[in-house]
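# Give me a 3D structure for the following:
(chains A and B)
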Amino acid sequence: MTEEKTYVEDIDRSLYDFRYEDKDAWKVDEGLSADIIKTISREKNDPEWMREFRLRSLEIYNRTPMVDWGPDIEGLDMKNIVTYVRPNTKMTADWEDVPETIRDTFEKLGIPQAERESLAGVGAQYDSELVYHNVKKEVAEQGVVYTDLESAMHGPYAEMIRSHFMKLVPPTDHKFAALHGAVWSGGSFVYVPPGVSVEIPLQSYFRLNAPGAGQFEHTLIIVDKGAYLHFIEGCSAPKYNIANLHAGCVELYVGEDAVLRYSTIENWSKNMYNLNTKRAKVEKGGKVEWISGSFGSHVSYLYPMSVLDGEGSRSEFTSVTFAGKGQNLDTGCKVVHNAPGTTSYVNTRSISKSGGISTFRSSVVIGNKAKNSKSAVSCQSLMLDDISRSDTIPAMDVRTDQADVGHEARIGRISDDAVFYLMSRGLSEEDARALIVSGFADNVGKELPLEYAVEMNNLIRLEMKGSIG
Amino acid sequence: MGDTNTIKLNTLPAATFRWLRMNDASCRVGTIDGSLEISEEFPCEVCAEGIRAPEVSGIRTGCGRAVDDLLAKENAAVRTYRIEDGEKAGHALRLDFPYGKSAGKANGVDIVLGAGSELVTVMDYTSEPDAEGFAAVRTKICAGAKSHLTLVQIVRVGEKMTFVNDVGVHLDDGAELSVIHLFLSGGKIYQGLQTALFGTGSTMRSDTGYIVRGGDLLDMNYNAVHTGKKTVSSMTVNGVLRDKASKTFRGTIDFVRGSAGSAGDETEDVLLLSDDVINRTIPLILCAEEDVSGNHGATIGRIPEDMLFYLSARGLSEKDIVRMLEKARLDAVIRRIPDEKTREQLSQYSK
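Okay, here's the model as predicted:
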């Protein structure tokens, strides 16, 4: 019997690959300089401390070397990147007030519909600024704050923001954290008061429309003692033939006995350099759950980090990465156990095809104070052809004898036995192979709310089905 | 005479986050005043000579180029051991490295196996307990088609010694390599092992056992590079860390494009017996081939509570249980040594 190769189609991005001319937008010059930073700061009406913070971050950026251990980012030249693009509109809480082209963009992405049907609040960012932000009245009445970071910096939460902003991810962390500190714009601020459970998710959606631009949104979430929040982040961009850059930053503070679920479906276009930094600090008895789907970008460096600072705090990380033609996706996670009785669980899947490169990279550090801590890491990779590449690079550093750490990694191709089994149950070889690939990536899909699992379906399942040649 | 300096070795084939400080190791090289006279005991099927084997040029080692450069700089003596096609050695080739009270030596060993030959090689590194200084041994092996080599390396040197044991192997079609590594004592031990599974159907199995105690350090870098089709590698590492010991294990299975039908497996089990130990593990699977299977599993931690309870219920004290588990880990490796004389020499570590 001649064995036929499975062919799985690239993800169809037509749903996301539409664009509008940005003729009405205002932008700074390409490149990075103190003058550009001062202009951004002035445009955004920064308080003085933020202006100084930006300039200090620029200095750090200039003296910090480029990373030398991950995917090649030589194609990214900051001299060509526009770091701030302001759409010609103000932020509003009514979709009718959003300019037509921008509203049309988010309609196509299904954001207003999702807001009506299943979300407690939505923030929509277009290029460098939020154009829409709204939170349901009943959620706001619980004392939940969900707003843009810029407004919050001038309101009653100004001190809270000042004491948390880039404290988890300082500009000295790495070169692109410093860049973020210098040019950040947009993003959301969420505060959930003690004991409040936000039953339905909040979502921020980031759309980068301008060619050759960067998006540097900052998300700051504080979930106070005993509170619960599910926050969803989505992002996409049309494809251009010049490099775009995303260097966002997410800082999550999870209070005592609080739970924060942070879900991301990342679907940037294939000209995007996605150099994003996400970090959570979890207090006693708290829990952070990361759900992550990485499908887009030309190059990604993405390793959400959990710092388990409180006794009995927990972290769960579930992800799927799909690297197709022209993509080099370096994803994974980091966990630092700093307190007794902490627990981390990592479960990842990655798929490589058509010359795509997928790398799972992780670190689990168990410090000497983290007695009776446990960590389990499981990573599985699937190679769909012999021109792709899949690497796993997990690191473990254990500094106490009172800890239990387990790790397992597996890499391989679609099992002939499994295909044979399914075919013996009446499936065609095509369907059998597509079903296996689809099931392989289902660890993330089943963790998402139904409507976002549907988006996942757009990205994986439907594209895989019927695509065997 | 060599100067005191620091070299970078045991570099990961794919670097990761710098802040973890696992991408490579820094080794302080002490004064080297020549090469050690190796105590040899070789079977009649093996011939020895004092020149380098041309077959091993180009073979890469686990520690990396820095050790090659060091040996070249120090003009280290290289001994070559050769077994011809089809020969099967009647007994083990024994190479003893008795460093005595002071080290300061660098040696090279080349081993060439002809097609279809079979050989067991035991390399035993010993010193007086209070021996000081730096020593390095680099072993390069070229294994011909369908040859079979068992390489046993035992490190039991003084706590003040720094010892580099670097190995590089090339396997032709159907060649089989079995490596047994025992690290029983030593101040700072740097171990490299790179195996090029070049020939179709070649196989490599490594079994490593260690006990690291006091403030000692063990730094390992094992790479199995699958180039040939239907190649198989297996790495098993079992050890115990006590006191303020520090251990790093880098283990890489590298499936190069074209290595279809290959399989690689890594397993590590580390027993931590002190709150001051440092255990670092980084197992890599690099894959550029679809038709392969790679697996890794690691278990790091204390004695499982249910096991402790079970054994305590049978009248064993915690001290006895720890001793038993330590011995069991080493014994599992010692039992695999095909040379009886060596097994007897290690009986104090075994059951």
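
# How about A:Glu447: what's its closest non-neighbour residue?
Take A:Glu447 and drop its neighbours on the chain: the residue closest to it by C-beta to C-beta, 6 or more residues apart in numbering or on different chains is A:Ile291, 4.8 Å away. From N, CA and C alone the C-beta is placed, and that goes for glycine too.

# Chain A contacts on the stretch 151-300 of chain B?
Counting by C-beta under 8 Å from any C-beta of the partner chain, the positions of the stretch 151-300 of chain B adjacent to chain A are B:241, B:255, B:257, B:260, B:272-300.

# Can you verify my assumption that the residue nearest to A:Glu447 contacts A:Lys446?
No - counting by C-beta atoms under 8 Å, A:Ile291 stays clear of A:Lys446, with 9.9 Å between them.

# Which one's more surrounded, the two?
Counting neighbours by other C-beta atoms under 10 Å in any protein chain shown for A:Ile291 and for A:Lys446 shows that A:Ile291 has the greater number, 24 against 10.

# Check which helices and strands the host helix or strand of the residue nearest to A:Glu447 sits against.
In this assignment (DSSP states H and E), A:Ile291 forms part of strand A:287-294. If contacts are counted by 3 or more C-beta pairs under 8 Å, 6 or more residues apart in numbering or on different chains; DSSP states H and E, strand A:287-294 sits against strand A:249-254, strand A:259-267, strand A:277-282, strand A:299-302, strand A:314-323, strand A:328-337, helix A:442-445.

# Of all these, which one is nearest B:Lys105?
B:Lys105 sits nearest to strand A:328-337 of all the helices and strands packed on strand A:287-294, at 42.0 Å, using C-beta to C-beta.

# That closest one - contacts with which helices or strands?
So strand A:328-337, by 3+ C-beta pairs under 8 Å, 6+ apart, packs with strand A:287-294, strand A:299-302, strand A:305-308, strand A:314-323, strand A:343-352, strand A:357-366, strand A:373-383.

# Quickly run through the sheet partners of the second one, with directions.
If you go by DSSP bridges, strand A:299-302 pairs up with strand A:272-275 (parallel), strand A:328-337 (parallel).

# Export these to a markdown table and append columns for distance to A:Met91 and mean pLDDT.
Below are the strands paired with strand A:299-302 laid out as a markdown table (distance: least, C-beta to C-beta, whole Å; pLDDT from 0 to 100):
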| stretch | distance to A:Met91 | mean pLDDT |
| --- | --- | --- |
| strand A:272-275 | 24 | 94 |
| strand A:328-337 | 31 | 97 |
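
# quick one: which of those strands is nearest A:Asp148?
The nearest among the strands paired with strand A:299-302, by C-beta to C-beta, is strand A:272-275 at 22.0 Å.

# Residue 348 - how many residues pack around it?
Picking chain A for this. Neighbour count for A:Thr348, taken as other C-beta under 10 Å: 25.

# that answer is for a different chain, and I need it for chain B
The number of residues packed near B:Gln348 is 7, by other C-beta under 10 Å.

# count of neighbours near the closest residue to A:Asp148 other than its chain neighbours?
Of all residues not flanking A:Asp148 in the chain, A:Leu130 sits nearest, at 4.6 Å (C-beta to C-beta, 6+ apart). Residues lying near A:Leu130 (other C-beta under 10 Å) number 25.

# for residue 45, what are its contacts?
Went with chain A since none was named. When contacts are counted by C-beta atoms under 8 Å, 6 or more residues apart in numbering or on different chains, A:Asn45 touches A:150, A:154.

# right idea, wrong chain: chain B
The contact partners of B:Glu45, by C-beta under 8 Å, 6+ apart, come to B:83-84, B:87-90, B:117, B:119.

# Mark which of those residues are buried, thanks.
With burial judged by 16 or more other C-beta atoms under 10 Å in any protein chain shown, the buried subset of the contacts of B:Glu45 is B:83, B:87, B:89, B:117, B:119.
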